[in-house]
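Novice: from the sequence below, what's the structure:
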Amino acid sequence: MKNNQMKIGEFAQITGIPRKSLIFYDKIGLLSPTIVDKQNNYRYYTYHQIDTANVITVLREIGMPLKEIKAYLNGRSPEKLIHMLEMQKKIVQEKIQTLNQISDMLDTRIDLTEKGLHANANIDAIALKECEAAPILLGPKFPADSHILEGWYYLIDFYDFCRENTVIRGLPTGMIITRTDLLQENMTHPFQYYYRPICGSSYPNNAQKPSGLYAIGQEYAEYGNSHNLYARLFNYIKGNGLKICGNAYEEYLLDEISTADPTQYLLQIAIHVKQ
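Specialist: This next block holds a predicted model:
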């Protein structure tokens with residue numbers, strides 16, 4: 001550095017902006033050297049350009065197009081700076097929200113997969129468990145005449161709902177069967193899709209899986225093959241003098257993301273009961 005002037009290599013080292021990028025920035029008029037030596041074509045930057053370079057780097061990190069950055073720098077003012085930074089802060093906050101959702105989704109996937117790996121050695125056993133309320137994200141209700149074989153069609157509505165509410169996808173999609181249908185042992189009429197993030201996460205929710213007593217069963221089954229597990233659950237409920245007082249919540253602890261073998265998908269169904 002000489003007389004507060006830096007060659008392009010020095011400026012690149014200080015700012016962290018690659019030399020090729022600085023040359024490109026100069027070419028498009030975004031950030032040009034203060035002096036260009038006509039004899040040797042050396043580019044010289046000054047210390048007061050470091051702040052501009054740092055701001056450009058930050059704005060690029062959050063996805064602001066170079067065209068917009070250049071437009072601001074060419075007409076910069078304190079008022080425009082405040083407006084631009086407020087707009088970018090809003091974008092950053094939205095990205096933070098999305099990243100938090102992704103982090104929560106990963107935690108939920110890890111949690112469910114670990115539970116799937118440590119499933120009861122006796123997979124045929126039914127557990128009776130007192131459960132705390134759990135947050136869930138309920139999607140749109142299915143049509144009154146919906147059938148389990150048509151359930152896949154309504155995933156579009158659920159995913160549209162997620163997109164409209166700025167909810168990232170990626171959690172295992174659960175399905176609810178209502179108490180009314182359970183009392184008739186009708187498992188062919190799905191009611192709603194849902195996501196169930198782990199408790200304590202910031203993942204969006206709009207309802208709760210109620211607290212209370214649940215008969216919980218697990219079975220290795222491909223998608224849509226839940227009838228055997230329901231039969232076992234109904235036999236257990238009747239045999240132990242229990243009464244169905246709420247909905248059934250179907251979800252896969254192990255699914256196509258964790259295993260390539262559909263016969264190793266691990267289905268879990270929890271039916272809300274009372275003694």
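Novice: residues contacting Ala12?
Specialist: If you count contacts by C-beta atoms under 8 Å, 6 or more residues apart in numbering, Ala12 has them with Pro18, Arg19, Leu22. All C-beta atoms are positioned from the backbone trio N, CA, C, and that covers glycine.
Novice: now do the helices in the stretch 151-275 of the chain.
Specialist: Secondary structure of the stretch 151-275 of the chain by DSSP state H, counting those that start in this stretch: the helices cover 155-164, 179-183, 227-239.
Novice: so which of those is nearest Gln13?
Specialist: Between Gln13 and these, the tightest spacing by C-beta to C-beta is seen for helix 155-164, at 43.7 Å.
Novice: where do the strands sit along the protein?
Specialist: For the chain, applying DSSP state E gives strands covering 5-7, 35-36, 43-46, 127-131, 134-141, 174-177, 192-195, 207-209, 212-220, 243-254, 266-274.
Novice: what residue of this structure is the furthest out?
Specialist: Gln39 (55.8 Å; C-alpha atoms, centre = their mean).
Novice: any weak-confidence spans in this protein?
Specialist: For the chain, the stretches flagged by pLDDT under 70 are 1-3, 120-121.
Novice: go through the helices of the stretch 151-275 of the chain and name the closest to Met87.
Specialist: For Met87, the closest of the helices of the stretch 151-275 of the chain is helix 155-164, at 22.7 Å, according to C-beta to C-beta.
Novice: for the closest one, packing partners?
Specialist: Here helix 155-164 touches strand 134-141, going by 3 or more C-beta pairs under 8 Å, 6 or more residues apart in numbering; DSSP states H and E.
Novice: buried set for the strand it packs on?
Specialist: Ala134, Pro135, Ile136, Leu137, Leu138, Gly139 (16 or more other C-beta atoms under 10 Å).
Novice: between these, which is closest to Arg76?
Specialist: Set against Arg76, the nearest of the buried residues of strand 134-141 by C-beta to C-beta is Leu137 (43.0 Å).
Novice: nearest spatial neighbour of that closest one, skipping sequence neighbours?
Specialist: Nearest non-adjacent residue to Leu137, counting by C-beta to C-beta, 6 or more residues apart in numbering: Tyr195, 4.3 Å away.
Novice: check contacts around the one you found.
Specialist: Tyr195 makes contact with Ile136, Leu137, Val167, Leu171, Pro172, Thr173, Gly174, Tyr203, according to C-beta under 8 Å, 6+ apart.
Novice: quick revisit: pick the one among the contacts of Ala12 closest to Tyr252.
Specialist: Comparing the contacts of Ala12 against Tyr252 with C-beta to C-beta places Pro18 closest, at 45.7 Å.
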